[in-house]
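Asker: Here is my input, please return the structure:
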Amino acid sequence: MPKVSIILGSKSDLPVADRAISILGEFSITFEISVASAHRTPKRVEDLVKGSDASVFIAIAGLSAALPGVVASFTTKPVIGVPVSGKLNMDSLLSVVQMPAGVPVAAVGLDRGDNAAILAAEMLAVSDERLAAELLRYREQQAEKVEKDSEEVLAGV
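Answerer: As a prediction, this is how the structure comes out:
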């Protein structure tokens, strides 16, 4: 059973999804992935969401980025929206963050599939001690990397 369902608005969003897939793999989180358009295949979106056993959804879309909101309309499970950059960055960003009252979508920055996966892991870790411990180690590794970067910068000055 996948813990996370990743839905792409189009195949061109795959590079953003790859960032999420990489992080989910680091945490051994199972996932499913599919392509469904909120505008062109709304019934497919509904069927995917209602038929999924996933605990968290990541919806990745650009342009008007309606996909995260449409996914959220079919479930009470957490939905994380990832706006995809392009010629109209503000359109996709605002479409994800400006959801109407009662249908929330968590939002991460443009193209931040990696942050969406980390947020999904944090949501799952609420009831998974193993995952919570892995997230703590991940944060510690991130801090160590910053410390190392700082030492390298200082050594080069």
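
Asker: Where does the most centrally placed residue in the chain sit: helix, strand or coil?
Answerer: The residue lying closest to the centre of the chain (CA atoms, centre = their mean) is residue 116, at 2.8 Å. With DSSP: H, G, I helix; E, B strand; the rest coil as the basis, the three-state label of residue 116 is helix.

Asker: got a list of what it touches?
Answerer: 20, 58, 60, 80, 82, 108 (CB atoms under 8 Å, 6 or more residues apart in numbering). Quick note: C-beta positions are derived from backbone N, CA and C, even for glycine.

Asker: Return the member of these nearest to residue 35.
Answerer: residue 60 (9.8 Å; CB to CB).

Asker: immediately after the helix or strand harbouring the closest one, which helix or strand?
Answerer: Under DSSP states H and E, the secondary-structure element containing residue 60 is strand 56-61. Tracing the chain past strand 56-61, the next element assigned as helix or strand by DSSP H and E is helix 67-73.

Asker: And that next one, what does it pack against?
Answerer: Using 3 or more CB pairs under 8 Å, 6 or more residues apart in numbering; DSSP states H and E as the contact definition, the elements that helix 67-73 packs against are helix 42-50, strand 56-61, strand 79-83, helix 89-97.

Asker: do that again at 7 Å, thanks
Answerer: The contact analysis (3 or more CB pairs under 7 Å, 6 or more residues apart in numbering; DSSP states H and E) places helix 67-73 against helix 42-50, strand 56-61, strand 79-83.

Asker: Tabulate the ones you listed (CSV), appending mean pLDDT and mean neighbour count.
Answerer: As requested, the helices and strands packed on helix 67-73 are arranged in CSV below (pLDDT from 0 to 100; neighbours: other CB atoms under 10 Å):
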stretch, mean pLDDT, mean neighbour count
helix 42-50, 98, 16
strand 56-61, 97, 29
strand 79-83, 96, 30
